[in-house]
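>>> For reference, the sequence and a predicted model appear below.
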Amino acid sequence: MNTNYQLRIICKKILLTGVFLLLIFASITAQDKRLNNGNSLYSEGKFEEAIQVYEDILKTGVESEVLYFNLGNAYYKTANLPRAILNYERAKLIDSDDLDVNYNLDLAYSQTIDKIEPIDKLFIKRWIQDLIDKGTSDFWSYTSIALFLIVLILSGIYLYSGNPTVKRVSFFSSVLLVVGVILSFNFASVQSNKLSNRTEAIIFEPSVTVKSSPDFSGTDLFVIHEGTKVKILETVGNWKRVQVNNGSQGWLVSQSFIAI
């Protein structure tokens, strides 16, 4: 009797797991169909309809580089440059090495009014950032786990090998790989923070005046236009202190931009 009861519990768990997997599969299939529908509308030149389909998919919580890239293309075709840039930037957050995303983003930025030259970073900082951007947070996480497993194997070889040369090689290899584990773990954290802490934004007003203080009575510092990217540094009420690529800073009301 007890065995039959346990078997029924196991069968119920298997059934529930199967139902859960079927629901996930059905959801993914539905999203794929909607994405294909949006792509078909785009191919037919029905850009506004395609935008609506893509935006509806995003409202369900689904995010992907392809979805943002296609949405950016649709907005670009409707001459909505700020929203095109916004979605290209969101696609780039997911995969910073995608050539098509980077090309279209550069093309869109070339058509904005503001031509702000970025501050040159130190070579080592630029090199490290480029290295981090070579992989997503998932890639660096998996790399960290894989390296850690190799460290465990090498540690076992070091402990149980009787060959001095093998022990020496396994020890120094383990030390180097531990450094790799720490670096890849930190790289994963950096990439994850980029996705969770959206500290950059795109200006959506045709033109906006950056103020010296978080109020409309502050001194006018400079004017920036739609499509310009800013970095959010601080929040005071409905105001944000922002920085543009050349290092200039000031205050803007939150309604003038949308976070990437």
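Thanks, I have it.
>>> Centre of the chain to stretch 149-157, how far?
33 Å (C-alpha atoms, centre = their mean, to the nearest Å).
>>> out of everything not next to it in sequence, what's closest to Phe187?
Leaving out its chain neighbours, the residue that sits closest to Phe187 by C-beta to C-beta, 6 or more residues apart in numbering is Trp140, at 4.2 Å. For glycine as for every other residue, the C-beta is placed from the backbone atoms N, C-alpha and C.
>>> Check the residue nearest to Lys92 when sequence neighbours are not counted and give its pLDDT.
In space, and not counting its chain neighbours, Lys92 is closest to Val101: 5.3 Å by C-beta to C-beta, 6+ apart. We have a pLDDT of 95 for Val101.
>>> So which other helices or strands are in contact with the one helix or strand Val101 maps to?
For Val101, the element it lies in under DSSP states H and E is helix 99-109. Contacts defined by 3 or more C-beta pairs under 8 Å, 6 or more residues apart in numbering; DSSP states H and E place helix 99-109 against helix 65-77, helix 81-94.
>>> so how far is it from its chain's centroid?
So, by C-alpha atoms, centre = their mean, the centroid of helix 99-109 is 16 Å from its chain's centroid.
>>> Show me the contact partners of that helix.
65, 69, 72-73, 76, 81, 84-85, 88-89, 91-92, 95-96, 227 (C-beta atoms under 8 Å, 6 or more residues apart in numbering).
>>> Top of those by number of neighbours, please.
Most neighbours among the contacts of helix 99-109, by other C-beta atoms under 10 Å: Tyr88, with 30 neighbours.
>>> Who are the contact partners of it?
Counting by C-beta under 8 Å, 6+ apart, Tyr88 touches 68-69, 72, 101, 104-105, 108.
>>> Most neighbours of all the residues you listed, which one?
Gly72 (26 neighbours).
>>> Next, find the distance separating the residue lying closest to that one once chain neighbours are set aside from Val175.
Nearest non-adjacent residue to Gly72, counting by C-beta to C-beta, 6+ apart: Asn87, 3.6 Å away. Plainly put, Asn87 is 44 Å away from Val175 if you go by C-beta to C-beta, to the nearest Å.
>>> Compare neighbour counts for those two and give me the winner.
Applying other C-beta under 10 Å to Asn87 and Val175 shows that Asn87 carries more neighbours, namely 31 against 11.
>>> so the residue nearest to Gly72 sits right up against Tyr68, yeah?
Yes. Counting by C-beta atoms under 8 Å, Tyr68 is a contact partner of Asn87 at 4.7 Å.
>>> and the gap between Leu86 and Lys59?
16 Å.
>>> So which of those two has more stuff around it?
Set Leu86 next to Lys59 and count neighbours by other C-beta under 10 Å: Leu86 wins out with 25 against 7.
>>> which residues touch that one?
When contacts are counted by C-beta under 8 Å, 6+ apart, Leu86 touches 72, 202, 258, 260.
>>> before we move on, what SS does the closest residue to Ser141 other than its chain neighbours have?
Closest residue in space to Ser141, ignoring its immediate chain neighbours: Ala188 at 4.4 Å, by C-beta to C-beta, 6+ apart. Taking DSSP: H, G, I helix; E, B strand; the rest coil as the rule, one finds Ala188 in the helix state.
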